[in-house]
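Undergrad: below is the sequence, then the predicted model.
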Amino acid sequence: MAGSREKKRDPKASLALLWGEQEQPRRGPKPSLTAERIVTGAIAIADGEGLDALSMQRVASELEVTTMALYRYVPGKAELIDLMVDTALGTPPAHTAHTADPGEWRPRLTEWARQCWALYRRHPWILTATAMRRQLMGPNQLAWLDAALAALEPTGLPAARQHDTVLLVIGHIRNLAQQLVDADETGDQEWNRLAADVLERHGHRYPALTAAIAAGAFAPHDDDPLDFGLERILDGVAALIARS
């Protein structure tokens, strides 16, 4: 029975939970749980072991309650994940608030991106939780989108271009987050060994690549991986603003 509940996702139930509009239990014993406590426990599991380790049964075990007790507050795993995402995001940085100064858009959007990048590093499971389906957005998720658009509002760019800019920035962040999720130090070492062996035998066929490797193009560095791509995106936006 519990398994069947986890198979279906109820968008209306998720929205009611996200926006605090769900009906409270009226019958039965005095509640010993809260939705907040369930979500906090679920986030702790996902942070430590990833989203694959999450189940209603696992959360119930960690909270030392029965699985059925959770269903008084959350219909199933899908709705729980919606709540987890919005809770983990929290509120956006305050200094991305609305401003009338067009010169402030870049530092504000940069700070927004840095804080967003920090969230993906702190909660890497968010990448999976928000992929491959239309996301139901709660108050915190909408606040992040609002903050990014507020930073761009004084630029005079059309609303569609502002939204496109936000998508470019978040796409860059998600790409970096995916690289972190896929990182495998042992696998990387083996890949590097095999690639070096191949290039030693066939490198003459790829002179530009061989020269780039020799010049340190693939050498590790201490720069924040966010910086280069973010700055190039914002350079392009600045050029677009200048032409508008």
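TA: Structure received.
Undergrad: what's next to stretch 237-244, contact-wise?
TA: 102, 105-106, 155-157, 161, 165 (Cβ atoms under 8 Å, 6 or more residues apart in numbering). Quick note: C-beta positions are derived from backbone N, CA and C, even for glycine.
Undergrad: any idea which of those residues is the one closest to Asp182?
TA: For the contacts of stretch 237-244, the minimum distance to Asp182 (Cβ to Cβ) is 26.4 Å, reached by Thr165.
Undergrad: what sits against that closest one?
TA: 109, 152, 157, 233, 237.
Undergrad: isn't the first one right next to Ala150, touching?
TA: In this case it means Leu109. No. Using Cβ atoms under 8 Å as the test, Leu109 is too far from Ala150 to be in contact (9.7 Å).
Undergrad: what about Leu180, distance to Asn140?
TA: As defined by Cβ to Cβ, to the nearest Å, Leu180 lies at a distance of 22 Å from Asn140.
Undergrad: whoops, Leu109 was the one
TA: Between Leu109 and Asn140 the computed distance is 18 Å (Cβ to Cβ).
Undergrad: what about those two, which has more around it?
TA: Between Leu109 and Asn140, counted using other Cβ atoms under 10 Å, Leu109 has the larger neighbour count: 25 against 16.
Undergrad: after the helix or strand the more buried one falls within, next one along is what?
TA: Using DSSP states H and E, the element containing Leu109 is helix 105-122. Heading C-terminal from helix 105-122, the first helix or strand you meet, by DSSP H and E, is helix 125-129.
Undergrad: next, count neighbours for Ala16.
TA: Residues contacting Ala16 under the criterion other Cβ under 10 Å number 15.
Undergrad: elements contacting the helix holding Leu109?
TA: Taking 3 or more Cβ pairs under 8 Å, 6 or more residues apart in numbering; DSSP states H and E as the contact definition, the neighbouring helices and strands of helix 105-122 are helix 77-89, helix 125-129, helix 139-152, helix 159-182, helix 225-243.
Undergrad: which residue is the nearest non-sequential neighbour of Arg121?
TA: The spatially closest residue to Arg121, leaving aside those adjacent along the chain, is Leu180, at 6.8 Å (Cβ to Cβ, 6 or more residues apart in numbering).
Undergrad: residues near that neighbour, how many?
TA: Using other Cβ under 10 Å, Leu180 has 12 other residues around it.
Undergrad: re earlier: out of the contacts of stretch 237-244, which comes closest to Ala94?
TA: Using Cβ to Cβ, the shortest approach to Ala94 within those belongs to Trp105, at 16.3 Å.
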